[in-house]
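whatever this is, show me its structure:
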Amino acid sequence: QVQLVESGGGLVQAGGSLRLSCAASGRTLNSYAMGWFRQAPGKERERVAAISRSGLGTYYADSVKGRFTFSRDNGKNTIYLQMNSLKPEDTAVYYCAAGPTTMSFNNWGQGTQVTVLL
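Okay, here's the model as predicted:
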């Protein structure tokens, strides 16, 4: 089992940037496919970005392509989500997740709030 802790959320003006971090303990992250999800009030959880265990396969939701970048630092056992050109519709609680594939996740962090102001 891997434990995940997100950080880096906060308030930002539209057009601004934030970088979310997800630090892992218990297992090394390169044993897992990793993903970032978000859930806005009253909406279903949405997969935002994902990367395969090998690192060769990546996925971005259409709504964030060209604005968000997923990266991992195996030495720090941490993944990141760089979010640029933020929009009010990006407001949500963001979660990182680990699992066997980019479509299957069974370890979740507690979430970090991102609020984008007009």
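
for the most centrally placed residue in the chain, what are its contacts?
Central residue of the chain (CA atoms, centre = their mean): Trp36, 2.7 Å from the mean position. With contact set as CB atoms under 8 Å, 6 or more residues apart in numbering, Trp36 has these partners: 20, 22, 47-50, 68, 70, 79, 81, 94-97. For every residue, glycine as well, the C-beta is placed using N, CA and C.

can you check Ser63 too?
So Ser63 contacts Glu89 (CB under 8 Å, 6+ apart).

now the phi/psi pair for it, please.
Per-residue torsions, Ser63: phi -70, psi -20 (degrees, to the nearest 10).

and for Pro88?
Taking degrees, to the nearest 10, you get phi -60, psi -30 for the backbone angles of Pro88.

could you check how far it is from Tyr32?
Distance, Pro88 to Tyr32, by CB to CB, to the nearest Å: 32 Å.

follow-up on the earlier one: give me the subset of the contacts of Trp36 lying in strands.
With strands defined by DSSP state E, the entries of these inside them are 20, 22, 47-50, 68, 70, 79, 81, 94-97.

pull up the gap between the nearest residue to Gly99 once chain neighbours are set aside and Tyr95, please.
The spatial neighbour of Gly99 that comes closest, neighbours along the chain excluded (CB to CB, 6 or more residues apart in numbering), is Phe105 at 3.6 Å. For Phe105, the distance to Tyr95 (CB to CB) stands at 9 Å.

for stretch 3-16, what is the average pLDDT?
Mean pLDDT, computed over stretch 3-16, is 97.

hmm, back to that, I figured the residue nearest to Gly99 was touching Ala97, is that so?
Yes - under the criterion of CB atoms under 8 Å, Phe105 makes contact with Ala97 at 3.8 Å.

need the overlap of contacts for these two.
35, 37.

what about the strands in the protein?
3-7, 10-13, 18-25, 33-39, 46-51, 58-60, 68-73, 78-83, 92-99, 107-108, 112-117.
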